[in-house]
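Asker: coordinates for the following, if possible.
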Amino acid sequence: MNIESPHAPKPIGPYSQAIKKGNTLYISGQIPYNQEGNCLIHTDMRSATKQVMDNIAAILQAADMDFSNITFCSIFTTDMSQFAEINAVYSSFFTPPFPARQTIEVTALPMNALVEISAIAVK
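Answerer: Alright, predicted model coming up:
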């Protein structure tokens, strides 16, 4: 089942915001694009990460889930030296037990974003 929120960025390619299969929701990588303002947030890593998490929140809400349902995240960043900023914002959206995750530094992200996060949630 395709899950879509008007409050998260529309896909810029041949993919869905999220797909729900059974009780599992697979959320595509979210970049710091603000759908309402029609702009990419790239002023600083904290603001960019906050927008990414807000996008994930909108998709979770469309699937009748929240951050407590997330079991795994993948974080991609173009600057690992700013991991503390990413982690500070990211961690504020969760309570223990935290989801499993991986963090990977990459050369570039879509639209020259600073950070991208994908997630898997289970209800």
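
Asker: what about the helices in the chain?
Answerer: 45-62, 83-91 (DSSP state H).

Asker: ok, which of the ones you listed comes nearest residue 16?
Answerer: Nearest of these to residue 16, taken as Cβ to Cβ: helix 45-62 at 9.9 Å. Where you see a C-beta, it was placed from the backbone N, CA and C, and this is true even at glycine.

Asker: contacts only, for residue 37.
Answerer: Listed by Cβ atoms under 8 Å, 6 or more residues apart in numbering, the contact set of residue 37 is empty.

Asker: got it, and residue 11?
Answerer: 17, 28.

Asker: try 7 Å this time
Answerer: Residues in contact with residue 11 (Cβ atoms under 7 Å, 6 or more residues apart in numbering) are residue 17.

Asker: could you check how far residue 92 is from residue 49?
Answerer: Separation of residue 92 from residue 49 (Cβ to Cβ, to the nearest Å): 10 Å.

Asker: would you check how far apart the residue with the largest distance to the centre of the chain and residue 120 are?
Answerer: Of all residues in the chain, residue 22 has its C-alpha farthest from the mean position, at 20.9 Å, by Cα atoms, centre = their mean. As judged by Cβ to Cβ, residue 22 and residue 120 stand 12 Å apart.
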